[in-house]
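Asker: fold the following and give me the result.
(4 chains)
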Number of protein chains: 2
Amino acid sequence: MSAPAPDVIPLLLVDDHPVIVEGIKNMLRPEEDLQVIIQAHCGTQALELLAAHPEVRVAILDLNMPEMSGVELAQAIRTRWPQVRVLILSMFHDHATVADVLAAGGSGYVLKTASRAELSNAIRRVAAGHTYFSQDVADTLLQNLQIPSALEARQKPALTGREQEILELIAREYSNQDIAESLFISERTVETHRRNLFTKTKSKSVVGLIQYALRNKLIS
Amino acid sequence: MSAPAPDVIPLLLVDDHPVIVEGIKNMLRPEEDLQVIIQAHCGTQALELLAAHPEVRVAILDLNMPEMSGVELAQAIRTRWPQVRVLILSMFHDHATVADVLAAGGSGYVLKTASRAELSNAIRRVAAGHTYFSQDVADTLLQNLQIPSALEARQKPALTGREQEILELIAREYSNQDIAESLFISERTVETHRRNLFTKTKSKSVVGLIQYALRNKLIS
DNA sequence: AACGGTATCCGTACTGGTACGGAGGTGAAA
DNA sequence: TTTCACCTCCGTACCAGTACGGATACCGTT
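Answerer: Numbering: from 1, shown residues only, chains lettered A, B, ... in the order given. Below is the predicted model:
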């Protein structure tokens, strides 16, 4: 087998529907720099073939497959061949799934309604180390990112300045004594602030306090 | 003043550069359903005018303004007029800023390089309660979302199953005793697991432990 | 002038977590 | 089989944090 030209992106295509595999191959045929060099109909087969063809740059995966889901497959690929970029090709896009794909190390998520231009653009971006998400996909994701932050902005029970200072130091694992010394106040005062923090954040212990603080981005 | 037709979206436009204000107005003139009914050159003025014109549906804000930043203004608007959607129009898009905009309750983020079609599309989407982010903006944001998750998958020092269980209960503010009872084990055992967790996460107290857990998405 | 909020301080009593240093049993891998 | 990782358990001692119930002082608003 001859080595692929350097400017060609070798692709792995995984989908359990032969029709779709053929469809995508046909779609990509005019794009000379994108070559599907292996295709598989399930995760196991994909992993086997990948072992024999590590030169693959981008793996295009269907999400809904029997036996092994696209997410699991993505995870497996990213673990064993970190240089292979994963592009998910799917029919639907709910928030949880897209988040899973991201967590599994996927670099892109394209809907099956995508045009030839969008698909090839996505492949090239992903191959170049960037990310690509179809407009709709990015939207659902960002929408779910935004709602909670918009809500929590409203109900913030406003810690006082001093309380925030104390909170920050607690978060840095300072003991009450440390805090007292740092701020030149008595340990009692620190304890009082601490108690007030618990009350205001309705938490029973530092545990809840830290969670509250992280959620509200009062600390990092 | 006559009430605007029901299918018209009344806009507020805020930018400290008159040239840009005019430019955008011109750009939107052909779009009959999008009408800039107020314009302001700073945040204070914007808030004053908004008080007199609460019918505004979408506020288009520049990000870099003297005296009050676009983010602060967005926050102020979302707090006082929650029904007004905020669309940020900006020259640049770094991750931190976009995240700030989201946190401030912004519904969209469009670059000033956007075409008439993109801008008006963005406004309509935002007015309809959706979100809109220019492709590039969404990309930077998502890229910063993805990288850490891909990295942390590698170096996870692997807490044992039991340790994870314990960790979850600690995070729920269970005391050692509570945990012992829940898992039908001795309090001593819980203490040991706890110690091992501290060691493994290199934290001195629950504080660090919880932060570790949240960061690594072991809990939430 | 009276009030509410914030920040500061104190003592006492108790409990829960922490440090330390042990030990035995299991199951899977070498 | 031996080794190792994991889960399990124990005691002792100590200290940090917690609950409670006070107190004073400053500041801005009413």
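Asker: can you pull up the most central residue in chain A?
Answerer: Note on chain A: the residue nearest the mean C-alpha position is residue A:102, at 2.5 Å, using Cα atoms, centre = their mean.
Asker: ramachandran coordinates for residue A:214?
Answerer: Summarising the backbone geometry of residue A:214 under the convention degrees, to the nearest 10, its torsions are phi -70, psi -40.
Asker: ok, and the closest non-adjacent residue to it?
Answerer: Nearest residue to residue A:214 in three dimensions, chain neighbours excluded: residue B:214, at 5.4 Å (Cβ to Cβ, 6 or more residues apart in numbering or on different chains). Where you see a C-beta, it was placed from the backbone N, CA and C, and this is true even at glycine.
Asker: and that neighbour, what pLDDT?
Answerer: With respect to pLDDT, residue B:214 has a value of 77.
Asker: and residue A:209, what element?
Answerer: Under the assignment given by DSSP states H and E, the secondary-structure element containing residue A:209 is helix A:206-215.
Asker: how about the residue lying farthest from the centre of chain A, nearest residue that isn't a chain neighbour?
Answerer: Here the centre of chain A is the reference, and by Cα atoms, centre = their mean the most remote residue is residue A:186, at 45.0 Å. In space, residue A:186 comes closest to residue A:180 once its chain neighbours are excluded; the distance is 6.0 Å by Cβ to Cβ, 6+ apart.
Asker: contacting residues for that neighbour?
Answerer: Residue A:180 makes contact with A:186-187, A:189-190 under the criterion Cβ atoms under 8 Å, 6 or more residues apart in numbering or on different chains.
Asker: and it, how far from residue B:204?
Answerer: In this structure, residue A:180 lies at 17 Å from residue B:204, with Cβ to Cβ, to the nearest Å as the measure.
Asker: equivalent analysis for residue A:105, please.
Answerer: With distances defined as Cβ to Cβ, the gap from residue A:105 to residue B:204 amounts to 32 Å.
Asker: these two: which has the busier surroundings?
Answerer: Relative neighbour count places residue A:105 above the other of residue A:105 and residue B:204, with 23 against 12, counting by other Cβ atoms under 10 Å in any protein chain shown.
Asker: the more buried one contacts residue A:75, doesn't it?
Answerer: Yes. Under the criterion of Cβ atoms under 8 Å, residue A:105 is in contact with residue A:75, at a separation of 6.7 Å.
Asker: ok so, going back, just checking, what packs against the particular helix or strand that has the residue nearest to the centre of chain A in it?
Answerer: Secondary structure assigned from DSSP H and E places residue A:102 in helix A:95-103. For helix A:95-103, the helices and strands in contact under the criterion 3 or more Cβ pairs under 8 Å, 6 or more residues apart in numbering or on different chains; DSSP states H and E are helix A:70-80, helix A:135-154, helix B:135-155.
Asker: next secondary structure after the worst-scoring helix or strand of chain A on mean pLDDT?
Answerer: Within chain A, confidence by mean pLDDT, DSSP states H and E is lowest for helix A:135-154 among all helices and strands, at a mean of 57. Once the chain leaves helix A:135-154, the next helix or strand it forms, by DSSP H and E, is helix A:161-171.
Asker: how about the next helix or strand after that following helix: buried residues?
Answerer: Following the chain from helix A:161-171 toward its C-terminal end, the next helix or strand by DSSP H and E is helix A:176-183. Using 16 or more other Cβ atoms under 10 Å in any protein chain shown as the test for burial, helix A:176-183 gives A:176, A:179-180, A:183.
Asker: hey, what's the angle from helix A:176-183 to helix A:161-171? Just curious.
Answerer: Here helix A:176-183 runs at an angle of 130 degrees relative to helix A:161-171 (axes from the mean of the first three to the mean of the last three Cα atoms, to 10 degrees).
Asker: now do helix A:176-183, average pLDDT.
Answerer: Here the mean pLDDT over helix A:176-183 is 88, rounded to a whole number.
Asker: what about dumping the CA coordinates of stretch A:25-42 to PDB?
Answerer: C-alpha atoms of stretch A:25-42 as PDB (Å, rounded to 0.1, in the frame of the first residue of the first chain):
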ATOM      1  CA  LYS A  25     -18.200   8.300   1.200                       C
ATOM      2  CA  ASN A  26     -20.000   9.500  -1.900                       C
ATOM      3  CA  MET A  27     -20.400  12.900  -0.300                       C
ATOM      4  CA  LEU A  28     -16.700  13.200   0.400                       C
ATOM      5  CA  ARG A  29     -15.500  11.800  -2.900                       C
ATOM      6  CA  PRO A  30     -15.100  15.200  -4.600                       C
ATOM      7  CA  GLU A  31     -13.000  16.400  -1.700                       C
ATOM      8  CA  GLU A  32      -9.600  15.100  -2.800                       C
ATOM      9  CA  ASP A  33      -7.800  15.800   0.500                       C
ATOM     10  CA  LEU A  34     -10.300  13.700   2.500                       C
ATOM     11  CA  GLN A  35     -10.000  10.000   2.100                       C
ATOM     12  CA  VAL A  36     -11.900   7.400   3.900                       C
ATOM     13  CA  ILE A  37      -9.300   4.700   4.200                       C
ATOM     14  CA  ILE A  38     -11.100   2.400   6.600                       C
ATOM     15  CA  GLN A  39     -14.700   1.900   7.400                       C
ATOM     16  CA  ALA A  40     -16.300  -0.200  10.200                       C
ATOM     17  CA  HIS A  41     -19.800  -1.100  11.200                       C
ATOM     18  CA  CYS A  42     -19.200  -1.400  14.900                       C
END
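Asker: just how off-centre is that stretch within its chain?
Answerer: Stretch A:25-42 sits 26 Å away from the centroid of its parent chain (Cα atoms, centre = their mean, to the nearest Å).
Asker: need the residues that contact that stretch.
Answerer: Here stretch A:25-42 has contacts from A:4, A:7-16, A:18, A:21, A:24, A:46, A:49-50, A:53, A:55-56, A:65-68, A:116, A:119-120, A:123-124, using Cβ under 8 Å, 6+ apart.
Asker: and if you look at stretch A:204-215?
Answerer: A:152, A:167, A:170-171, A:197-198, A:201-203, A:218-220, B:170-173, B:205-207, B:210-211, B:214.
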